[in-house]
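Chemist: Fold the following for me, if possible:
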Amino acid sequence: MTTETLTLEQAEALATAALIACNTSAENAAATARALVRAQADGQGGHGISRVPSYAVQARAGKVDGHAVPRIEDVREGLFRVDAGFGFAYPAFELALPELERRVQTTGIAACAVYRSHHFGVAGHSCEWLAERGMIGITYGNAPKAMALWGSTRSVLGTNPIAFAAPMEPAPLVIDMATTTVARGKILAAREAGKTEIPEGWALGPDGEPTTDPVTALAGTVAPMGGAKGAALALMVEVMSAALAGAAFGTEASSLFDAEGEAPNLGQVVLAIDATALSGGAFAGRMADLAAIYAETDGARLPGSRRLTSRAKAAEEGVTLDATLLAKVRALLD
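Modeler: Model prediction:
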């Protein structure tokens, strides 16, 4: 496999230019590129640069409104909604997170629902932003159907990620997971890189049979994490995102990987809690004690800690990308 290494700045500039060339405003392209490159730097390639070709064709076709301007709709003191306007989710999140922080300073707990939204990338990033500012963050988001219901071969629920982050030294504790065996973005990344095989156990084809072909897998389903429990967790996320935001269910949302159909109309919900206030000032000390338990236990590591190593390496060395993918992205500039 031929690869090429770009600095983070180069990768962000390339993604931004590609999106602008495909009917996206400079502001929205920049916000989207920032999020994609951060995902790439964290080792989450399925939510990284591999998304640029599919984002771009959707913006060019108008399936996603590259010029949408998200807006806040007040509900109550601790509740608000963000209309993403059928545009990219990242500008809506960049608007929502500071507003959550502002309201938590008064209410102690606040929640926002993002609707008429799109793919929102690494769920843990929004939670981590909140945790870096002293809040516990919880994010729910739904996705187009990709998972068969437990006991069935019919695709109904999405990969439906759930993420959590809490303040901790030296960096927030972040737990971020899809409710499927693997995030569907990893299968997309394999396809965009021109790979002909993915690991066994990742996916089933449309016929319900296991497949290692990424194209067949994208047309089929991804198995729920942990069997029936993963399917139940995915259902909970569907309620906490699509239903709570008034957005489309996975069965109603169009694909995030092509330009066919109407806008996906996905939903995300983010909760923020003032950790210090609710704990009576004990939270930081308790988290330090918890971190010490992990540090003193042989073979243990805190969930999400690998992102920090990957992030630091990417900042110093850049990100190494598949040449086939980069060729697709650069072709969008023509």
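Chemist: a helix runs through Val52, doesn't it?
Modeler: Yes: remark: Val52 belongs to a helix, assigned using DSSP: H, G, I helix; E, B strand; the rest coil.
Chemist: which residues touch it?
Modeler: By C-beta atoms under 8 Å, 6 or more residues apart in numbering, the contact list for Val52 reads 15, 18-19, 36, 328-329, 332. All C-beta spots, glycine's among them, are computed from the backbone N, C-alpha and C.
Chemist: Show me which of those residues is closest to Leu233.
Modeler: Nearest to Leu233 among the contacts of Val52, counting by C-beta to C-beta, is Leu36 at 26.3 Å.
Chemist: how about that closest one, what does it touch?
Modeler: Shown in contact with Leu36 (C-beta under 8 Å, 6+ apart): 15, 47-49, 51-52, 121.
Chemist: Can you get me the centre-to-centre distance for the helix or strand containing it and its chain?
Modeler: Leu36 belongs to helix 26-41 when assigned by DSSP states H and E. With C-alpha atoms, centre = their mean, to the nearest Å as the basis, helix 26-41 stands 12 Å off its chain's centre.
Chemist: Over to stretch 54-68?
Modeler: 18 Å.
Chemist: Name the residues of it that come out as buried.
Modeler: By 16 or more other C-beta atoms under 10 Å, the buried positions in stretch 54-68 come out as 54-60, 63-66, 68.
Chemist: now do stretch 258-270
Modeler: Residues 259, 263-270 are the ones in stretch 258-270 that count as buried (16+ other C-beta under 10 Å).
Chemist: Could you do stretch 301-314 as well?
Modeler: So for stretch 301-314, counting by 16+ other C-beta under 10 Å, buried means 302, 304, 307, 311, 314.
Chemist: Tell me, how many residues neighbour the spatially closest residue to the last one that is not a sequence neighbour?
Modeler: On the basis of C-beta to C-beta, 6 or more residues apart in numbering, the spatially nearest residue to Ala314 that is not a chain neighbour turns out to be Ala41, at 3.6 Å. Ala41 sits with 21 neighbouring residues when counted by other C-beta atoms under 10 Å.
Chemist: cool, the one 10 residues further on as well?
Modeler: Residues contacting Arg51 under the criterion other C-beta under 10 Å number 25.
Chemist: Touching, it and Leu188? I think so.
Modeler: Yes: between Arg51 and Leu188 a contact is recorded at 7.5 Å, counting by C-beta atoms under 8 Å.
Chemist: And stretch 44-55, end to end?
Modeler: With C-alpha to C-alpha, to the nearest Å as the measure, stretch 44-55 spans 17 Å from end to end.
Chemist: Can you tell me which of the contacts of Val52 is nearest Ala84?
Modeler: Lowest distance from Ala84 to those (C-beta to C-beta) belongs to Leu19, with 15.8 Å.
Chemist: for the nearest residue to the closest one once chain neighbours are set aside, what are its contacts?
Modeler: In space, and not counting its chain neighbours, Leu19 is closest to Ala29: 3.8 Å by C-beta to C-beta, 6+ apart. Applying C-beta under 8 Å, 6+ apart, we find Ala29 in contact with 15-17, 19-20, 66.
Chemist: One more pass at 10 Å, please.
Modeler: Listed by C-beta atoms under 10 Å, 6 or more residues apart in numbering, the contact set of Ala29 reads 15-23, 55-56, 59, 66, 88, 90-91.
Chemist: PyMOL command for the buried members of those residues?
Modeler: Listed next is the PyMOL selection for buried residues among those, using 16+ other C-beta under 10 Å:
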select buried, resi 15+16+17+18+19+20+22+23+55+56+59+66+88+90+91
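Chemist: Now, the contacts of Ala29 that are in strands?
Modeler: Among the contacts of Ala29, no residue falls in strands (DSSP state E).
Chemist: out of the contacts of Ala29, who's nearest Met236?
Modeler: Nearest member of the contacts of Ala29 to Met236, counting by C-beta to C-beta, is Tyr90, at 24.7 Å.
Chemist: so the closest one touches Val37, yeah?
Modeler: No: with contact defined as C-beta atoms under 10 Å, Tyr90 does not reach Val37; the gap is 11.3 Å.
Chemist: residues near the residue nearest to Gly48 when sequence neighbours are not counted, how many?
Modeler: Counting by C-beta to C-beta, 6+ apart, Gly48 lies nearest to Gln40, which is 3.2 Å off, once chain neighbours are set aside. Residues near Gln40, counting by other C-beta under 10 Å, number 28.
Chemist: so what's Gln40 up against?
Modeler: For Gln40, the contact set (C-beta under 10 Å, 6+ apart) comprises 6, 8, 11-12, 15, 46-51, 122, 310, 314, 318-321.
Chemist: next one: Arg307
Modeler: Neighbouring residues of Arg307 by C-beta under 10 Å, 6+ apart: 38-39, 41-44, 122, 124-125, 128, 171, 174, 176.
Chemist: from the chain's centre, how far out does the helix or strand encompassing it sit?
Modeler: Following DSSP H and E, one finds Arg307 within helix 306-317. The chain centroid and the centroid of helix 306-317 are separated by 19 Å under C-alpha atoms, centre = their mean.
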